[in-house]
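[1] sequence and computational prediction follow.
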Amino acid sequence: MKKYLHCINALAAKKFMDNLAEQNRWKRYFKATFLTVFISTLFFSKIVSAKQYQLQLLTNFNELNKEQDDLVWLEPILSPAKDEQIFVANDQGYIYLLDKSNSNKQKLALNINTSTNKSAAIRLSSITLHPSFIRPEELGYATLYTAHNAKLIQPKQHAVSLPDNIETVFYYETVITAWQYDFDKQEIDIHSAREILSIPIKSLDEGINRLSFDPYQKSWGRDYGQLYFSLNASYELKHYPLYSGSILRIHPQDFGDSHYTIPSDNPFIKDTKINDEIVVTGLDKIEQYFWVKNKQGEIFVQHHNNEQYWLSKLQLGDNYLADSAQNHLKQQDDVMPTILLYQGRQFLTLKNHFIFLSSYDGKWLLNYSSINNNEPALSAEILTTNNLLTPAFVDLEQDENSHIFIFDMKNASLYILQEPQEKLLDPAIPSQVESDTGTRNYLLYIILVAVLLFVVLIYGKSRNNKNGVNKLEKNLFRLKYESSSNKIFLYLSEQREPIKSIDLTAITGCEVLLNHQVIAMVNGQAEHIFSNAIEQDLRELFAEEHFEKMLDCKTRTIELILTTKKEKVTACLYFRKGKRRTTGAKYPDVIDIIMDFCWQLSRQINPNNTEERSVTLSEKIYQTPRYIVTPTKPQFSRHNSQDKISVDPNISPLAQDKPTDKDDITAEIISTEVVDALEKLANLHQQGLLTDEEFTVAKSKLLQ
């Protein structure tokens, strides 16, 4: 029987957890709702109140456009040597060193047209600094790289080899050149030009359009100092990987007779059909690319084919010519503005977000969306009195100090993004501009939060006041078995008409629950046949529970779960909380009902294996215990100055509870000694130290 109860308790664990989860579901919901509202109040309120930014002009070098109005300026580079200096360059091959605080303080650092001995015009497309630009002890110190397109002068041996089957005539070439910067003279040494590589191209509109180093690589890392550059697609040669829109990677240092070497971990280094320098191919026209901090081999690229514009998340080694499965994070039909992945700390709202500019209704907006695409895109107004051009001519940059710079390529103006100041230097500019829409949104949010908190608190309080009683009142059933119709009738609370009837033959099993824990099961399985031993143990469990003191917060329940082929019906036959019993039937009567029903169901399901019942209702084991109060006497009391409460299950409940005279008191003391002896015998018998015969004989001697 102990093994049977052990199995029942194993099943009871799951049942208890399910019931516990059901009871605490609303409580967890209220807590989660409250925490969500609280956190939203702290963080989300900044968004709905129309967060704003402002632009501060750092420098304007538009006067450099006087000589030629159609100049296209490249993205500026902040000098790591001096905070106030900026390298700026235009597509005509002029590189300047400017002072941020004084735009008139400028110096021509290099004119590529006069430094490369080229007879034809040159179109400069990109400049960049080596990450060790200000580290004298490392390779790459004081080194600056440029990429330009120029007319091809035949004959020339190109650094990047071409496939043998290309039968076309090239008129131009794209070239990467390394230069040495003189910190004392603050200019680029024209005699230090070293050609890194050259690739033949069909027109000046093609070629390399961006040079860059991964800014998140450390000087001791394997990938530190590797130069990335992108080569735009050529319409006539798009089926060749090199000219299909590719990103390439090399070591740009001088290695003897070689101008560069190829990293050994380049993904296509063993593919004879793809150049070893290539790391990603098949992207058509590449606008820009950038990296994620602490993400090796992962790169984000903005690219297009004149019909669709994409922002894609790629892995080094992706070949879009062979694989059509493209991981596009953003796609649109019109021109996509420059996107920056902000990974700094100065603007915590923008951290790990894609940001880009847009204009709407005469206002400039800063748009930002999560890098994981798990939240909607948001916008913040930019306060500026400057007339910026369309977003297509605006470039976004981030420096190592987490600042965000906005560069107007047409107006040759560089701005820095800032939080709105409480007081601005210019009195004509208001100290704080607040959007009417933002104010309305903020007030609406506060009202919604207040209403939600009120509803949650009131509803939660009303449920807590019910203390779990009303929750079960719909399941407080009385159960009646009618032998003539062989049916089970269920009555709700004290109603006289049954709310449900179930044929006994339709019931396939039942579970008996005490305080939401399964203590017995009857079904078609051999181990779940009801027996006299099971009834004996169940009655002892019920008796032990009944002897437990009922506190105000404690509940006591007896439930019966009936299982049919179509449904499960739960009937709560007994419910008590503290001193209040909600059900009509008393505890002993409910136990008798449970036992009778289990026997009847067991005979119905397993008629051949169910044994004969040896205990009838008139001989039922469960009896209401009698409490005997022993007078306080030192010679007989186990605990001085305290009354002793003993339980004798064999004394009739009709016996008198209190002695009336001296003889009765003496008889009561003797009875107490007998009761103590019987308790010891019962404990020995329960522990298995006495057999049934030994227990019966000893009990008879004590009662003589």
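    Ah, there it is. Numbering: from 1, shown residues only.

[2] show the average pLDDT along stretch 401-410.
    Averaging pLDDT along stretch 401-410 gives 85.

[3] can you start the count at 9 instead of 1 from here on
    That works, and once the first residue is 9, the last one we named lands at stretch 409-418.

[4] quick check: buried residues in it?
    411, 412, 413, 414, 415, 416, 417, 418 (16 or more other Cβ atoms under 10 Å). Every residue, glycine included, has its C-beta placed from N, CA and C.

[5] which residue, other than its chain neighbours, is closest to the fifth one?
    Translated: residue 415. In this structure, residue 415 finds its nearest non-sequential neighbour in residue 403, 4.4 Å apart by Cβ to Cβ, 6 or more residues apart in numbering.

[6] for that neighbour, give me its contacts.
    83, 346, 414, 415, 417 (Cβ atoms under 8 Å, 6 or more residues apart in numbering).

[7] try 7 Å
    Neighbouring residues of residue 403 by Cβ atoms under 7 Å, 6 or more residues apart in numbering: 83, 346, 415, 417.

[8] poorly predicted segments of the stretch 309-458 of the chain, please.
    332-334, 381-383, 392-400, 428-453 (pLDDT under 70).

[9] please repeat the previous calculation with a cut-off of 50.
    Scanning the stretch 309-458 of the chain for pLDDT under 50 picks out the ranges 430-446.

[10] that one: strands as residue ranges?
    Counting by DSSP state E, counting those that start in this stretch, one finds strands in the stretch 309-458 of the chain at the ranges 317-323, 336-340, 348-350, 361-368, 371-378, 386-391, 402-406, 412-416, 421-426.

[11] ok now the fifth one, how far from the chain's centre?
    Counting by Cα atoms, centre = their mean, to the nearest Å, strand 371-378 is centred 24 Å from the centre of its parent chain.

[12] buried stuff in it?
    Applying 16+ other Cβ under 10 Å to strand 371-378 flags 372, 373, 374, 375, 376, 377 as buried.

[13] please report how far the second one lies from residue 87.
    Same thing as residue 373. 31 Å (Cβ to Cβ, to the nearest Å).

[14] again with the fifth one
    Taking Cβ to Cβ as the measure, residue 376 falls 28 Å from residue 87.

[15] buried residues in stretch 535-550?
    Counting neighbours by 16+ other Cβ under 10 Å, stretch 535-550 gives 536, 537, 538, 539, 542, 543, 545, 546, 547, 550 as buried.

[16] what's the farthest-apart pair in those?
    Pairwise distances across these (Cβ to Cβ) peak at 20.0 Å, for the pair 537 and 550.

[17] I'd assumed residue 92 was in contact with residue 109.
    Yes. Residue 109 is within contact range of residue 92, at 5.7 Å (criterion: Cβ atoms under 7 Å).

[18] neighbour count winner among the two?
    Remark: of residue 109 and residue 92, residue 92 carries more neighbours, 14 against 10, as counted by other Cβ atoms under 10 Å.

[19] and residue 154, that one's in a strand?
    Yes. Counting by DSSP: H, G, I helix; E, B strand; the rest coil, residue 154 is part of a strand.

[20] can you tell me the helix or strand for residue 689?
    helix 670-694 (DSSP states H and E).

[21] what about the helices in this structure?
    With helices called from DSSP state H, the chain shows them at 10-51, 53-56, 120-123, 444-474, 478-481, 540-555, 595-613, 670-694, 700-711.

[22] turn the buried residues of strand 371-378 into JSON lines, including distance to residue 506.
    Formatted as JSON lines, the buried residues of strand 371-378 follow (distance: Cβ to Cβ, whole Å):
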{"residue": "372", "distance to residue 506": "74"}
{"residue": "373", "distance to residue 506": "68"}
{"residue": "374", "distance to residue 506": "69"}
{"residue": "375", "distance to residue 506": "66"}
{"residue": "376", "distance to residue 506": "64"}
{"residue": "377", "distance to residue 506": "61"}
